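[1] Coordinates only, no sequence provided:
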């Protein structure tokens with residue numbers, strides 16, 4: 001296969017009409033590879049078989065076996081809709097069909113009959129947009145990967161320093177991260193109680209390496225004592241939790257509530273707390289213990305039991321599970337104990353797989369998507385605030401002006417009226433489809449105005465001001481109309497709407 005063939009996008013055409021499929025395939029054959037499906041079930045089977053190859057789906061609505069809406073529902077369930085754009089092509093023109101299609105995630109809706117050139121361009125544009133999004137996602141993912149790799153390297157170094165002072169194997173940090181990951185993954189599958197995002201999970205896993213950093217402050221003789229600690233020695237050993245937390249609290253970045261250091265603080269201070277309140281250093285009970293510390297506490301106990309320490313031999317997996325479930329190591333969150341049972345059979349395999357310290361690529365992808373969504377959300381929020389501010393300015397500066405001011409959006413066929421204008425004419429502030437049936441805006445006068453605006457050009461956008469009689473609430477008055485058409489900066493420019501003022505000239509009412 002040559003490079004050109006490899007770079008061709010693949011489009012899945014889903015339609016129960018063989019003629020319709022052949023027409024679309026003929027339109028696309030010079031630029032795209034196509035796969036055909038005669039109904040919804042065939043479409044789902046094709047997506048499952050070629051998920052990584054299909055770049056776009058052209059989907060009909062009305063089909064036997066499984067209709068287009070059912071296909072979209074399944075694409076949403078399996079998250080395919082996030083990476084495979086769908087353009088719906090149908091003879092159905094009812095608004096309810098169109099709305100439902102967009103609600104289910106389609107990127108475009110094309111109504112039959114259609115012309116070959118426009119549909120080809122709309123497919124081109126959709127794929128171009130999705131390819132740009134994929135490139136952006138890859139760039140951000142690489143940055144997240146590099147940053148996370150650096151974070152884990154530095155934190156692991158600190159964790160290993162503590163391990164070697166404590167006479168441990170050097171794998172304890174990796175073990176804690178792996179078991180923490182497994183527990184958190186199972187936890188979010190079982191409940192949404194803790195509202196954990198992918199970013200939260202990654203932070204907890206990374207911060208778990210610092211759980212025992214406070215042991216740097218403990219004397220080697222106590223850390224590595226082969227027998228049981230005296231009461232006094234154990235009291236000293238217990239100070240490592242608060243000591244490690246205090247080190248982190250003194251860092252400037254600790255003030256950022258969602259920072260890695262803040263999560264590490266929670267873990268350091270409270271990973272020896274127990275669900276019944278009998279832990280240390282603060283005797284926290286139940287859900288007062290942060291979930292990050294609860295999870296790492298359980299991971300820490302399991303790894304301590306299953307590995308040799310200077311004061312004990314290693315227990316088997318089965319014996320360790322029995323001791324934990326019997327409460328011999330303190331009380332844990334019952335839900336987390338269920339999670340530990342659920343992952344029990346896979347722990348050994350996962351510990352072996354993670355021994356190289358590889359970063360979970362799928363997790364990084366999920367975190368990347370969250371970061372992008374957060375940025376988009378922040379930008380959208382900022383944009384919304386700007387729009388709200390502009391609206392407030394407009395209301396403030398126009399509230400005392402006794403004239404009808406309007407904005408016409410030709411693309412969505414909507415007229416936006418000033419507060420005074422909407423009240424005077426008896427309309428809502430936004431009139432959708434202003435020249436259709438009952439939503440007539442200014443009656444035939446409105447149609448006349450739009451006609452004048454459409455006769456303007458981008459170079460000469462202003463209409464010649466004129467006066468006309470307008471009737472509202474059974475009364476007729478003389479008004480002067482001033483308006484300007486709006487155009488894009490494209491070459492050639494495209495007409496997109498207009499701005500206008502309708503001013504009462506002060507003439508007497510006509511009966």
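    Okay, I see it. Note that this is a predicted model, so its numbers are computed, not measured. Numbers count the residues shown, from 1 in each chain.
[2] buried sites along stretch 117-130?
    Within stretch 117-130, the residues scored as buried using 16 or more other CB atoms under 10 Å are 119-120, 123, 126-127, 130. To be clear about C-beta, it is placed using only N, CA and C from the backbone, and glycine gets the same treatment.
[3] er, stretch 311-319 I mean
    By neighbour count with 16+ other CB under 10 Å, stretch 311-319 contains the buried residues residue 315.
[4] Same check on stretch 16-25?
    Within stretch 16-25, the residues scored as buried using 16+ other CB under 10 Å are 16, 20-21, 23-25.
[5] Tell me which residues are up against stretch 265-275.
    Contacts of stretch 265-275 with the rest of the structure, by CB atoms under 8 Å, 6 or more residues apart in numbering, involve 204, 207-208, 210-214, 238, 241-242, 244-245, 247-249, 254, 279-286, 289-290, 292-294, 296-297, 300, 330-334.
[6] Just the ones in helices from the buried residues of stretch 16-25, please.
    Secondary-structure check on the buried residues of stretch 16-25 using DSSP state H: residues within helices are 20-21, 23-25.
[7] Nearest to residue 260 among the residues you listed?
    residue 24 (50.2 Å; CB to CB).
[8] Check that closest one and give its pLDDT.
    Model confidence at residue 24, expressed as pLDDT, equals 94.
[9] Show me the beta-bridge partners of the residue nearest to it when sequence neighbours are not counted.
    When the adjacent residues along the chain are set aside, residue 24 lies closest to residue 13, with 5.1 Å between them (CB to CB, 6 or more residues apart in numbering). Under the criterion DSSP bridges, residue 13 forms beta bridges with residue 36, residue 58.
[10] and residue 13, how many residues sit next to it?
    Residue 13 sits with 25 neighbouring residues when counted by other CB atoms under 10 Å.
[11] which other residues reach stretch 108-117?
    Counting contacts by CB under 8 Å, 6+ apart, the residues touching stretch 108-117 from outside are 27, 87-93, 98, 101-102, 119, 122, 126.
[12] what about 6 Å?
    Residues from elsewhere that reach stretch 108-117, judged by CB atoms under 6 Å, 6 or more residues apart in numbering: 27, 87-89, 91, 93, 98, 101, 119, 122.
[13] Top of these by number of neighbours, please.
    Taking other CB under 10 Å as the neighbour criterion, residue 88 ranks highest of the contacts of stretch 108-117 with 27 neighbours.
[14] Look up how far residue 55 lies from residue 106.
    Remark: distance between residue 106 and residue 55 (CB to CB, to the nearest Å) = 15 Å.
[15] For the stretch 101-250 of the chain, which segments count as helices?
    If DSSP state H, counting those that start in this stretch is used as the criterion, the helices of the stretch 101-250 of the chain fall at 116-165, 172-190, 198-207, 220-223, 231-237, 239-249.
[16] List the buried residues of the second one.
    Along helix 172-190, the positions that meet the burial threshold by neighbour count (16+ other CB under 10 Å) are 172-188.
[17] so it versus helix 198-207, what angle?
    Between the direction of helix 172-190 and that of helix 198-207, the angle (axes from the mean of the first three to the mean of the last three CA atoms, to 10 degrees) works out to 160 degrees.
[18] Need the nearest residue in space to residue 97, chain neighbours excluded.
    Setting aside the residues directly before and after it, residue 97 is nearest to residue 61 in space (CB to CB, 6+ apart), at 6.4 Å.
[19] mind listing what that neighbour touches?
    Applying CB under 6 Å, 6+ apart, one finds that residue 61 lies in contact with 67-68, 90, 92.
[20] now it, what's its secondary structure?
    Following DSSP: H, G, I helix; E, B strand; the rest coil, residue 61 is assigned to coil.
[21] low pLDDT regions in this structure?
    Residue ranges of the chain with pLDDT under 70: 1-6, 136-170, 254-258, 310, 354-400, 411-413, 431-444, 506-511.
[22] Show me the longest strand that occurs in it.
    Using DSSP state E to define each element, the chain has its longest strand at strand 475-487.
[23] Off-centre distance for the very next helix or strand once past it?
    Later in the chain than strand 475-487, the nearest helix or strand by DSSP states H and E is strand 495-504. Relative to the chain's own centre, strand 495-504 is displaced by 39 Å; criterion: CA atoms, centre = their mean, to the nearest Å.
[24] Next up, the contacts around residue 483.
    For residue 483, the residues meeting the contact criterion (CB under 6 Å, 6+ apart) are 453, 463, 498, 500.
[25] Next one: it relative to residue 50, how far apart?
    53 Å.
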